Structure formats: structure tokens, C-alpha cells
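K.L.:
dropping a prediction and its sequence here:
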Amino acid sequence: MPKDHGIGAPQKRREDVRFLTGTGKYTDDINVYGQTYCVFVRSDVAHGRIISIDTAEAEAMPGVVRIFTGKDFEDVGGVPCGWLVTDRNGEPMKEPRHPVLAQGKVRHVGDPYAAVVADTLQEARDAAEAIVADIEELDAAVNMKAALEPGAPRVHDDLSDNLCYDWLFGSDQDAIDKAFSEAAHVTTLELVNNRLVANPMEPRVALGEYARANDESTLYTTSQNPHVIRLLMGAFVLGIPEHKLRVVAPDVGGGFGTKIFHYAEEAFVTFASRKINRPVKWTSTRSEAFMSDAHGRDHVSKIELALDGDNNFIGLRTDTYANMGAYLSTFASCTPTWLHGTLMAGNYKTPAVQVNVKAVFTNTVPVDAYRGAGRPEATYQLERVVDKAARELGVDPIALRRQNFITEFPYATPVAVEYDTGDYGATMDKLEEMIDRPGFAARREESKARGMLRGLGVNCYIEACGIAPSNLVGQLGARAGLYDAATVRVNATGSISVMVGAHSHGQGHETAFPQVVAEMLGIDESMIDIVHGDTSRIPFGMGTYGSRSLAVCGSAMVRATEKIINKAKKIAGHLLEASDADIELKDGQFTVAGTDKSVAWGDVTLAAYVPHNYPLEDIEPGLEETAFYDPSNFTYPSGAYACEVELDPETGRVTIERFAAADDFGNVINPMIVTGQVHGGIAQGVGQALMESCIYDEDGQLISASYMDYAMPRAEDMPFFQVDHSCVTPCTHNPLGVKGCGEAGAIGSPPAVVNAVLDALNSGGHSVDHIDMPVSPHRVWQAMQG
Amino acid sequence: MHMSDTRQIKAPRDVVWAAILDPEVLKACVPGCTEMSGTPEDGFEAIVVQKVGPVKATFKGIVALSNRNEPESLTLSGEGKGGAAGFAKGGADVTLTDKGDGVTELHYEVDAKVGGKLAQLGSRIIDGFAKKMADQFFGNLQEAVEGPKEEGEAEEAAVDGKKKGWFKRMVS
């Protein structure tokens, strides 16, 4: 029977009670006295020179408090980038200014160049319509390769071209050249990792409130990491010291990466509220979200795999163009480099790996991390080229993978990271068992009898999570530490508030984190609450992204709880008149080892706060501890995924019949939450593979900017998922042995889907070796027509 | 997007030419046009109310005439700004060929672009919409010049005065 308590218990998520009953408190639910409303006026051309902005008529309209343009932001900083990438020649990346409101030029459809603050939303909207801007439309840089051609329109006039950086990483040139010159076979594949829009259910919202009495600003915002926003906005944009700036991210309805970043709208409402001495609120419409939330992916890659005569991988090289959009978003520079190139070895012992990435500015919305962030792009390239190699060589794709698996750990890859642990054979064994591979031939026959083509696609993945060791990422260009922090505050009666730097916006921290503390203390989870999302209540932690919350913040929480236990044992020792070295804690009871003398958890906590009988000369009263945790390495979740599709050769329509995921996440705290995370990740990965695509036309107009044109996956598009995380190789370097599970599904699923489609087509005699995502019926049908 | 079509208009070429240069004709022919003023030399200012899919907007725009090669060809180019709805702009190269017997062949090549919300919300329907607009415009022009189509020959004789297009009546 599964545990119902502590680590490993599949407890239902306590936060779902408020989410499912409509009693969550999201940023838009917060309204403060005297609040004004803000509407941004956004560019409807991709690239244009601002000749004039006439606000006179709008300013005279009812309810208008003030209208702002780029001029108002000349004396404050630009929206910063958090990571400095150094190019192949040792030069820093180009880092153009990103003003809060456009100055001089607009650089993408949706780039805000003015903002109206008014008493009501309707008045702000009306006045925004009355602003007359003369914007001279310029030719736009849209296609990445064309944007790098001489004479291409320049997104930033002060830069010599649109190249942000040209990054080269991995094995040295001689090793790569040698591998390819000695290869018996080279498989080459060119592919596109399609541009995506994150589409969290809750659009972004920002509310700035200024208290003139004490010169304090508060920003309520839809963020995955309030302390990061406070740091970036306070220090780099507005020059507000930390103690005068509070950032609150209350319930957040999904982030998927796009709510990591510091956005201009957050700085705007904070700035404007100080100028007009009234609160300023902005709520994104869905249309605005499409053209202002950072987009994801958008890589164009060429990958080459060199194999020797025995089908061993001996070399791998990639050339990628990565779209930055018009400005550098917070982690934009890092996503295609350190979160992508470092994973290019995958699960394989390829001795020589080299990665080249050219990051390109274009007149499009900024592109940044989206669930998986760089790792899906790496996995997709690698697992597609391995599959293509297997087809070219006429070998079994699973056997080819197994033959090249890394089997000894720790393993230092040619791309800088050291995998601490893993067992790729075990997850592949589990996967083969889950998918009933022997039964596939009969299923294919059954499909064939109905005129359908059935395909099976398999892939592996590895990811680097638990972001990140600060000293390492500092060397790589990170402009912040990436530790996390937790404060465990034990109250007098024994209940506990745990204040954490991680933010929960769908991950279930409020349920899973107490399970850890409850297990350590032997008390019930109901006595423990998690506090997150408010810089005035939580220690300086870096938030939630990169599947880091449990591995990094959870580790800090374990360390703080250990400190609590140590101090509590001292108090218990005093109460029991024994040495604290002899005190054991079990099931919430402190016992003198080998005796029946004990005090309960609540007796100790009460003594800590009512220290009438207390060793005040030795220890302080109270029971509250903080720990910061900086990981010594990344964690490396891994797994094997399989997808079985049925393809209608008459229409090109693909349906997913079966999907299986065998993951190694290390130790699991709440298996039900882990399963849910994998389900969501696979749905997003399948969405990318079959449906979703963000399209710009040649003029830089965003033409897939509503749910009429941007196909979000629905329940009916998904099969029943088979999910397993019983293969466990615990992380060797964090106290819980956990690796992280938030992104795996989105990383591991796209290649499985595409591999399955190609398997189906080839089984039907269609010699097709690649179709770019999304694998829509149109594209499949075109491929079938050759 | 690009569109082209050819129409046979039962009117002499100079009549068709004059119609295209007349703001009253243009106002009547541009679908949804509520105001049109100006001259062929200085260009026209127009207000057009249109609904594209979910986006309804009032476009304020200008129409300029260029490449005038009377009475054979000219270019009509226009740009309309619809405020929050975005913008539409485009050009039409119009060629008139005298086919004899009082018939003029009108050929047009239209390039049109939309931006902002129109592009974001309407891209899937905008091609069809633009084609419909061009069809309606040139259909209206044809009707203005030669009168409604559906009338038969016999009827035509009987109601001679009424069957002519209103523009043709004015100039003839």
C-alpha cells in the first residue's frame, strides 16, 4: 500500500481546493484604493521610425491622469538581460538598450510606444485610441538567415548588424575534424524548432503601488520569481533600493517560463505609480499576450552525426540560428547556449561534440525560455538525427541508442557538464515493457486493415535541472547567483510556516514541500504551511524555473529543518535533563535514547517561545532557522519516451494512439504531482509536435495571434498517457536525492511524435526522412506527395 | 497578398477612365465608404467602415493616383488606419483596353497588406476578405458605369432610361 504521509505519499494537492472553487487570489484579483488603469499603445508595424506622437487630444479626454511616452524613460535604465554570453572570439554579446517605452524606433509588432493612465479602463482605452503617432514604416528583419545578410534592415541602428553573438562550444576543431574524416557514415539533418507562444491560462498582470509616506513601492505581478524581479527592476531599471521595493507574486495561473522574465510593463506601472502618486494597474488582454509575452524556441539547425563502421557515435556537430527577437529578454542569451549546447551529448558517449549558435536580432517579439528552455531544442535535434541514422543504416533505432549509451558515472561530457548518475538502459527497459513492443506488429496490421498507417517512435532525453551552481554559472556569464533559500519558522504551538524562495504556479509546492518537513520532524503535514511569492515575507531566493524548486529550494528547506532539529534537540535535552547527543526525534517525540523519557514536539516548541525553563545561557529562545543552498552540480533527469501514432494516408491526419514515458527523476516526494507534471509536459510537447506554431509574415506581422489561428492542444488531442518514474538513480549531491520533473515531458515528447510519424510514413512506402513541426495534416500530405 | 482579375465593361474606355477619377464614383464603389473627398491630382481622403471577421473599425485613409497614362492605365494606392484595429494598405494597377463595340476590358492587379490586430485576428480570413473587397469594388464600378447586369435585352429596350449606369447617364 502506498504511503499516505511524508515523502513518497501521493497526497492530493491542497492548493487545488482554492483553485477549483474559484477562491484563488491572482494578481488581477488585487485592487487597491485610488487605483488607476493603464493601457499600452503598441506598434502595429514590425519596424518603424517614430516621427511624432501627438497626445494632446488624448490628454484632454475624460478620466485621463497622464500619458507617458519613451521620453519619460530617458533617465532610467533599460530592461536588462541577466546573462552575458561571450562569443567564439572572446567578445561580449551585443546588448542593445531595451527602453521601457520605445524611443526613436519601434522594433516589433506589439512594442509599446505610449501608455495612458486613466481613472477607468474604458477611459484609458478611449484615450489610447486618440493618440496619433506618425511612424514611418521601415523594412523589417524577420527571417533569421536573411537578417544576417549584408544590407539587411538593422533592428538596432547602433549595432553594425543583427548578430547578437556567434558562439562556439565543445570539443576542439581538430577532434571534430578527425571524427568526421574517419567516419564510416555521416547522417545530416536540417530542421526547425518551431516558434511557440507559452499561453499560460492567466495572462500577465502588473499593479504598481507607491506609498509616499515611507517612499516604498510595491509591485504585484504575475511572476515565477519575485526576488529576481525586485533585483532586476530595482537595481537596473528604476534605481529603487531593495528595502524600498516589495514584489508580490500571489497565485499565478501558469508560467511555463514566460513569467520568469522582467517585463517593461512591470517597470512601467511601478514608475508611473511613483510619478502620479496613485496605484497603476495593467491587465494584459489575450491579444496583447501573443505580442508581448516572450515567445519560445525558434531555432533553425543543422546537425551532423558521425558513426564508425560499428555504428558507434564518434562525432557530433551542430549549427543553429537562434532567434532573439527585437530585444534581449532576461535569459534569452543563455537559453540557446548554456542550456542547449551543454546538453548536446544527450545520453550518448560521443567523444567529440561541437555546437555553434548564432543568435540573431529580428523584428519580432523577444524569444526566451519556454518549458525546457534549450534542452528540448537539443534533444529534438539529437534524437531526430539518431533516428535518421538508424533508418539510413537499416538498424533498430532502440538498439542503436542502447549501443551508444553512457553506462558509467560520473561521466564528463565533451560539452562541459558532468552527469552524476543515471541508468539509461533501465528506463529503456521499462519503456519497452510499457509499450508492448512485441505487440506492435499486430497493431500495425490491424491499422493497415483499416487503411491506416501505424508508426512507433522512440527517443531518449537528458536534461540539466536544479539550476544552478553559482560559481560555475558565474564563470559562464550569469549575472546573479542561482542558489535558493528557505526559512522554517516554528510557532509556539508547534505549527510551522516555511518561507521559500521558490514560487508555486502549478507545481504543487504547497503540498509537496510540507511532506518533506513532515517526514523529517515526524509530524502531520496539516501543521505546516508554505509561504511564497512575497519579497517582504520570504528570504532572498531565486524562484522557480529549470525544474529547480525541489532540488535547490527543497534542499535549502532540508538544511533549515536540520538546524531546527538540532536546536530542538538541545531544548529537549534541557527539558529531559539529558545530553542533546542522546536525544532522538521520531514521530514528533523527542526521546532520550534507550529510555522511555520523552517530550512531544509541541512541548519543545512551546518552551522555545515561553522560555521559563530554558537554557538561556546556551541558546537563544525562539525556533526559526534559515538556510541558503547552492548546488554543487546540476541534476540530470533522464528517460525514454515512446509514441505510437496512426496516420490517415488519405488526409495526412495524425492521431496519437499511445504515449509512454519512463523517467528517472531520482527520489520522488509526491508521485501523483510528478505524474501530473509529466502529463502537462507531454501535452505541451505534443502540442509543439503536431499543432502549435507562431507565424510571422514577411513584413513581420504576427498572423497567428489568437486561438483561431494558434492551435492549442485540447484534451481530445491527447491519448491516455502511460507514465512511470520507478527507475530511480538518486541525485548524488543534494540531500533529497531529487532531480526535478517539471520540464521532462516537454523535452522528451516532440522527437517521439515526429519519429513515430516518419516510421508510419516509411512503413507505407513513403520515403520521407523529415517533416518539420508542427506535423500538420497539410505537411504530412505534402511529404507523401514527394 | 496578390489578386488579379479581368472584367469586360460595356462602356467606352474614356467613360471608364473618367469614372475611376471621380470621387463620387469611388465613394459609391469602395465598399463601406462613408466619405470621399479630394481630386485626382491631390489624392482622395476617405473614411471606410468595415468589419473583418471579429474586428470592426473605421478606417481613415488616403487614396493616391499615380502612373496616370490616360486612358490606358493608372495605379491606385491607399492606406487606411483603423486605430486599435490596425491598418490596411494596398495598391491596384489598373489597365483599360479598348475592345471595340463600346466595350472596355478592365484588368487589375492588386497587392494588399494588413497590420496590427487585423493581421493578428484576421489572417485566416483576410485573403478572402480582400478578394471580396476587390470584387465588390470593381463590380460596383462596372455597375456604376454600365448599369445592373441582370436585365435581359428586351427589358433593356423597354426601360432604356433606367438601365444605364448612373455614371453613364450623367456623362452621356
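P.N.:
In hand now; what should we look at? Please read these numbers as outputs of a predicted model, since none were measured by experiment. Residues are numbered from 1 along each chain as shown, chains lettered A, B, ... in the order given.

K.L.:
show me what contacts the nearest residue to B:E143 once chain neighbours are set aside?
P.N.:
Excluding its sequence neighbours, the residue lying closest to B:E143 (C-beta to C-beta, 6 or more residues apart in numbering or on different chains) is B:G165, at 6.1 Å. Heads up, the C-betas are built off the backbone N, CA and C, glycines and all. Residues in contact with B:G165, defined by C-beta atoms under 8 Å, 6 or more residues apart in numbering or on different chains, are B:11, B:143-147.

K.L.:
and B:G165, how close does it get to A:A449?
P.N.:
64 Å (C-beta to C-beta, to the nearest Å).

K.L.:
please apply the same query to A:A60.
P.N.:
A:A60 is 74 Å from A:A449, by C-beta to C-beta.

K.L.:
now A:V353
P.N.:
The value you get for A:V353 to A:A449, if C-beta to C-beta is used, is 44 Å.

K.L.:
more neighbours, these two?
P.N.:
A:V353 (27 against 8; other C-beta atoms under 10 Å in any protein chain shown).

K.L.:
element containing A:I7?
P.N.:
Using DSSP states H and E, A:I7 sits within no helix or strand.

K.L.:
dihedrals phi and psi, it?
P.N.:
phi -60, psi 130 (degrees, to the nearest 10).

K.L.:
look at it and say how many residues are nearby.
P.N.:
Using other C-beta under 10 Å, A:I7 has 17 other residues around it.

K.L.:
you'd agree it is up against A:E519?
P.N.:
Yes: the pair A:I7 / A:E519 is scored as a contact, 4.5 Å apart, by C-beta atoms under 8 Å.

K.L.:
next, the contact list for whatever residue of the stretch 501-650 of chain A ends up closest to chain B, please.
P.N.:
Per C-beta to the nearest C-beta, A:D648 is where the stretch 501-650 of chain A lies closest to chain B, at 23.1 Å. A:D648 makes contact with A:451-453, A:654, according to C-beta under 8 Å, 6+ apart.

K.L.:
now do the SS call for the residue of chain A found nearest chain B.
P.N.:
Closest approach between chain A and chain B, counting by C-beta to the nearest C-beta: A:D44, at 2.8 Å. State at A:D44, reduced to three classes by DSSP: H, G, I helix; E, B strand; the rest coil: coil.

K.L.:
give me the pLDDT value at the residue lying closest to it once chain neighbours are set aside.
P.N.:
Of all residues not flanking A:D44 in the chain, B:G116 sits nearest, at 2.8 Å (C-beta to C-beta, 6+ apart). Here the pLDDT value assigned to B:G116 is 87.

K.L.:
can you tell me how far B:G116 sits from B:M133?
P.N.:
The value you get for B:G116 to B:M133, if C-beta to C-beta is used, is 18 Å.

K.L.:
so what does the closest residue to chain A within chain B look like in phi/psi?
P.N.:
In chain B, the residue that lies nearest chain A is B:G116 (2.8 Å; C-beta to the nearest C-beta). Here is the backbone geometry of B:G116 (degrees, to the nearest 10): phi 70, psi -140.
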